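In: Here you go, sequence then predicted model.
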Amino acid sequence: MKMIEIQIDDQLLDKVNAIAASHNTTLQALVLKQLTTLAVLFKPVIDAPADEPEYDPITPLIGSLHLDTQDLGENHDRYIGKFLYREMHDDGS
């Protein structure tokens, strides 16, 4: 294990502390969960050989999802961002 140190402004610190408290967890656990999620989401990109075309993590899902949207191809980053935002702000209800 390695210890890291970051600088964060007071307003953001207050927000993430409130999120952690609302999930009955610590700031450290919250940050580790989010970093783990990022590592999983971007693993294919990180592991891809440099000489291969850029890997898009949504590619394996093409054709496997049944959604009420017709613009997933153009706006998949927006949908992923919304999902991650909901995960981060979900109060468990």
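Out: That came through fine.

In: Verify the stated contact: Leu27 with Asn17.
Out: Yes - using Cβ atoms under 8 Å, Leu27 makes contact with Asn17 at a distance of 5.8 Å. In short, each C-beta sits where N, CA and C put it, glycine included.

In: list the contacts for Gln34?
Out: Met88 (Cβ atoms under 8 Å, 6 or more residues apart in numbering).

In: ok, and it, which helix or strand is that part of?
Out: Per DSSP states H and E: Gln34 is located in helix 27-47.

In: the inter-axis angle of whichever helix or strand comes after that helix versus helix 27-47?
Out: Going down the chain from helix 27-47, the next helix or strand is helix 72-89, by DSSP H and E. With axes from the mean of the first three to the mean of the last three Cα atoms, to 10 degrees defining the directions, helix 72-89 sits at 160 degrees from helix 27-47.

In: Need the residues that contact helix 72-89.
Out: Defining contact as Cβ under 8 Å, 6+ apart, one finds that helix 72-89 is touched by 19, 34, 37, 41, 58, 65, 69.

In: go again using 6 Å as the cut-off
Out: Ile58 (Cβ atoms under 6 Å, 6 or more residues apart in numbering).

In: Kindly format the C-alpha coordinates of the helix or strand bottoming out on mean pLDDT in the chain as CSV.
Out: Lowest mean confidence among the helices and strands of the chain (mean pLDDT, DSSP states H and E): helix 72-89, at a mean of 77. Output of helix 72-89 as CSV, limited to C-alpha atoms (Å, rounded to 0.1, in the frame of the first residue of the first chain):
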residue,chain,number,x,y,z
LEU,A,72,-26.0,5.9,-27.5
GLY,A,73,-23.4,5.8,-30.3
GLU,A,74,-23.1,9.6,-30.3
ASN,A,75,-23.6,10.3,-26.6
HIS,A,76,-22.3,7.2,-24.8
ASP,A,77,-19.8,9.4,-22.8
ARG,A,78,-22.7,11.5,-21.6
TYR,A,79,-24.7,8.5,-20.5
ILE,A,80,-21.6,7.0,-18.7
GLY,A,81,-21.1,10.3,-17.0
LYS,A,82,-24.7,10.4,-15.8
PHE,A,83,-24.4,6.9,-14.4
LEU,A,84,-21.2,7.7,-12.6
TYR,A,85,-22.8,10.9,-11.2
ARG,A,86,-25.8,8.9,-9.9
GLU,A,87,-23.5,6.3,-8.4
MET,A,88,-21.6,9.0,-6.6
HIS,A,89,-24.7,10.8,-5.4
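
In: No further queries at this time; thank you.
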